[in-house]
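# Need a 3D model of the following:
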Amino acid sequence: MTETNSIEKNWRLLVVDDEPIVGKRLQQIFGKMGFTVETYTNGTEALAAMAALPFDIVVTDLKMDEIDGMEVLNRAKELNPAVKVIIITGYAEPETAEEAYAKGVFDFIAKPFRLDELKQVITRALEEFTSQPDGPPEP
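The predicted model follows:
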């Protein structure tokens, strides 16, 4: 898939980060690309949103109050095993990354990250969905 300003399907993207500016910025960027984007500053509200309506891709911060990114990863996978979860963190420890990959994270990105880097990871996630013989999975 080549990067364009719009996407073919109405892909649902969830952003969970306790820094409101991160969610706001990603909502602007990916909304313009054609994603339906919802943003939350805490994991509890994000999990409720995921339970109500599934998302294709979840971008979550690792370190947050109450519910952290690992718990968001665990719950997202329980609700929808096909979801692609991307963890972004300022605390990129090798052990934490290994644990995240063992739990099924799609990618693990250190903050500060370049927007192009996140776009490439999300494009790869979409390519995985669209390369499946039966198309994207229905949760």
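# mind checking how far the residue lying closest to residue 68 once chain neighbours are set aside is from residue 22?
Spatial nearest neighbour of residue 68, chain neighbours left out: residue 62 (6.3 Å); criterion: Cβ to Cβ, 6 or more residues apart in numbering. The way it works is simple: take the backbone N, C-alpha and C, and place the C-beta from them, glycine included. Distance of residue 62 to residue 22, given as Cβ to Cβ, to the nearest Å: 12 Å.
# between those two, which one's more packed in?
Between residue 62 and residue 22, residue 62 has the larger neighbour count (other Cβ atoms under 10 Å), namely 24 against 19.
# ok, the more buried one - contacts?
When the contact criterion is Cβ atoms under 8 Å, 6 or more residues apart in numbering, the partners of residue 62 are 68-70, 87-89, 91, 96.
# ditto for residue 15
So residue 15 contacts 22-23, 26-27, 37-40, 58-60 (Cβ under 8 Å, 6+ apart).
# Also residue 21?
The contact partners of residue 21, taken as Cβ under 8 Å, 6+ apart, number zero.
# that older thread, pull out the buried residues from the contacts of residue 62.
Using 16 or more other Cβ atoms under 10 Å as the burial test, these include 68-70, 87-89, 96 as buried.
# and the gap between the closest residue to residue 38 other than its chain neighbours and residue 46?
Sequence neighbours aside, residue 14 is the residue nearest to residue 38 in space, at 5.4 Å (criterion: Cβ to Cβ, 6+ apart). According to Cβ to Cβ, residue 14 and residue 46 sit 6 Å apart.
# So what touches stretch 28-43?
Outside stretch 28-43, the residues touching it (Cβ under 8 Å, 6+ apart) are 4-7, 10-20, 23-24, 26-27, 46, 49, 55, 60, 64-69, 71-72, 115, 119, 122.
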